[in-house]
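Enquirer: The following block contains a protein sequence and its predicted model.
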Amino acid sequence: MTRYRSSSINPIRAFVLFLLVLLAGCTATANIPTPSPTIARLPTVTPEPPAAPAPTARVIRLGETPLPTPSLTVTPTPAITENGVLTASMAQLGLSAEPYAVLGDPAAPVTVVEFTDFGCAFCRRYHQLTFYALVAEFVETGKVFYVVKHLPVTSPQGERAALAAICAGEQGRYWEMHNALFANGEAWQSDATSAQRRIDAIAAELGLDAAALRVCAERAETKAVIARHVSEAHALRVFGTPVFFINNRLLAGAQPIEVWREVLAERGE
């Protein structure tokens, strides 16, 4: 079974992780002073506005001694709704169901939720250097159910790219579009016309209906999905990318696979 280590991380190591986070994330706001580092709390990628709402569930940050972890031999049954999959940990965090941006077995003992931006250089680094190894080692082996939420706050055309991914999902090709959008990360730093041309080209390469993709991206209900993801991120005091929730633990930044292996390591019992 997959459970977390409950031992606390020593102060030197925690401070090193803090520095990694500062160097491993895309920032949404640059003019708010960064809070002082503490060992007990791993900060989010970007500073937290003082008036931000509190999270709906207790979030345990890496480096903080967690509450006793319940046995994961019995995983709460996930809800399969008309809006997609909703696992128990997603519900606890106040997150909505996802219909397309999901990988793996919803009954896995661990749910990982990623908040990402296709135009974020650090999100792209994570995707290129860590994501595929994580999927192979943990998702495909039934240990992790993986969910993506879109937080396009760091790149000019990040929302346009996120809408394209969601709409590709309607055509059954979310992950193919997801991977292609990260492979073209520089395009989401450009102007709207250039970005749309790149999306059209990707759609053609993937054999998608580009016209239908455009219509879908302009629909109010599609844009509402992005707005909902952003609202959910802010409710959890997340304002930058990439940020991950591992059940109810927060991990921020483009961390290497070694960090993920440690966090997701099975306890030898």
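Expert: Thanks, I have the structure now.
Enquirer: what secondary structure does Ile80 sit in?
Expert: For Ile80, the assignment made with DSSP: H, G, I helix; E, B strand; the rest coil gives strand.
Enquirer: how near is the residue lying closest to it once chain neighbours are set aside to Tyr146?
Expert: Spatial nearest neighbour of Ile80, excluding adjacent residues (C-beta to C-beta, 6 or more residues apart in numbering): Pro106 at 7.2 Å. The way it works is simple: take the backbone N, C-alpha and C, and place the C-beta from them, glycine included. As judged by C-beta to C-beta, to the nearest Å, Pro106 and Tyr146 stand 10 Å apart.
Enquirer: And for Ala224?
Expert: 23 Å.
Enquirer: Looking at the two, which is more packed in?
Expert: Neighbours were counted for Ala224 and for Tyr146 using other C-beta atoms under 10 Å; Tyr146 has more, 20 against 10.
Enquirer: residue contacts, that one?
Expert: Contact analysis of Tyr146 by C-beta atoms under 8 Å, 6 or more residues apart in numbering lists Val102, Leu103, Gly104, Thr111, Val112, Glu114, Leu134, Val135, Val139.
Enquirer: Relative to Glu176, which of these is nearest.
Expert: Using C-beta to C-beta, Leu103 is the member of those that lies nearest Glu176, at 12.5 Å.
Enquirer: Count residues in the vicinity of that closest one, would you?
Expert: Residues near Leu103, counting by other C-beta under 10 Å: 18.
Enquirer: contacting residues for it?
Expert: Contacts of Leu103 by C-beta under 8 Å, 6+ apart are Val135, Val139, Phe145, Tyr146, Trp175.
Enquirer: before we move on, what about Val135?
Expert: Leu103, Gly104, Tyr146.
Enquirer: do that again at 7 Å, thanks
Expert: By C-beta atoms under 7 Å, 6 or more residues apart in numbering, the residues touching Val135 are Leu103, Tyr146.
Enquirer: Relative to Ala91, how far out is it?
Expert: From Val135 to Ala91 the distance is 23 Å (C-beta to C-beta).
Enquirer: Just the strands from the protein, written as ranges.
Expert: Counting by DSSP state E, one finds strands in the chain at the ranges 60-61, 79-81, 84-86, 102-103, 110-116, 144-150, 243-246, 249-252.
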